[in-house]
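>>> no sequence on this one, just coordinates:
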């Protein structure tokens, strides 16, 4: 299969031919139809994941990046249930090693020995990706794989934060950096999930316009005393802030 590989830090990804993985047991082979580009993919090309170097993170090259993944089930292992060929799926890439404390309580994204797709093992910038267990797949009904792919990173990040904020229609939420990818996602999820009043803060005019189009109730210019403006809008201050 064709794949875009990160061979060396600082250089562009290279097109390569690699063997198509063969699923076994609980594994599923997914044919890629949508693969988002996250900012962390850009960071990895420069040699970092977050603020820590790939070497210090234990991330080894060459690697097929891409963790915002969705597509179609191509082949399943002999122990797979509930999924069959041609089903459209999104893939949860935040996979742990399975036995640590965080993995046991269902918080695999905090695993200290992670096996994250596109970060620690080969990901979605290819024709196919091997998913280690079918429990990491979500069946798609109303969304196409192209539409669903970004939700596996930016979607779940913002949804988790909003859920933990305990919002309802009586509450107010300030989103700082609201005109970016995560910000506009957070606005839409907050309105749909909680009905809270959303106050979007950013420093660029075009970003504020994007936040308004995404559904923010108020937009505040971060260069012009945003604290006073937020207090004026809410009367008593915001109930939650996302940054």
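That came through fine. Since we're looking at a predicted model, the values are computed, not measured.
>>> need the longest helix for this structure.
Ranked by residue count, the top helix of the chain under DSSP state H comes out as helix 181-193.
>>> For that helix, buried residues please.
181-191 (16 or more other Cβ atoms under 10 Å). Placement of C-beta: from N, CA and C, glycine included.
>>> quick one: which of the residues you listed is nearest to residue 57?
Of all the buried residues of helix 181-193, residue 57 sits closest to residue 182, with 21.4 Å by Cβ to Cβ.
>>> Domain map for this structure?
Split into domains by automatic domain parsing, the chain comes to 2-152, 160-242.
>>> all helices of the protein, in order?
All helices of the chain, identified by DSSP H, fall at 39-45, 54-57, 101-104, 145-148, 154-164, 181-193, 205-214, 226-234.
>>> between these, which gets nearest to residue 80?
Nearest to residue 80, of the helices of the chain and by Cβ to Cβ, is helix 145-148 at 19.1 Å.
>>> Count residues in the vicinity of residue 60, would you?
10 (other Cβ atoms under 10 Å).
>>> should've said residue 163
12.
>>> tell me the contacts of the nearest residue to it once chain neighbours are set aside?
What sits nearest to residue 163 in space, not counting adjacent residues and going by Cβ to Cβ, 6 or more residues apart in numbering, is residue 193, at 7.2 Å. Going by Cβ atoms under 8 Å, 6 or more residues apart in numbering, residue 193 touches 159, 162-163, 167.
>>> change it to 10 Å
158-159, 162-163, 165, 167-168 (Cβ atoms under 10 Å, 6 or more residues apart in numbering).
>>> Let me see the backbone angles for the residue positioned nearest the centre of the chain.
Against the mean C-alpha coordinate of the chain, by Cα atoms, centre = their mean, the closest residue is residue 153 at 0.5 Å. The phi/psi pair for residue 153 (degrees, to the nearest 10) reads phi -130, psi -70.
>>> That one against residue 70, yeah?
No - contact criterion Cβ atoms under 10 Å: residue 153 and residue 70 do not qualify, at 11.3 Å.
>>> where do the contact lists of those two overlap?
In contact with both residue 153 and residue 70: residue 36, using Cβ under 10 Å, 6+ apart.
>>> How much space separates residue 2 from residue 157?
Relative to residue 157, residue 2 is positioned 29 Å away (Cβ to Cβ, to the nearest Å).
>>> I figured residue 65 hits residue 14, correct?
No - between residue 65 and residue 14 there is no contact under Cβ under 10 Å: 11.7 Å.
>>> Specify which residue of these two has the higher count of neighbours.
Just comparing residue 65 and residue 14: by other Cβ under 10 Å the higher neighbour count belongs to residue 65, 25 against 12.
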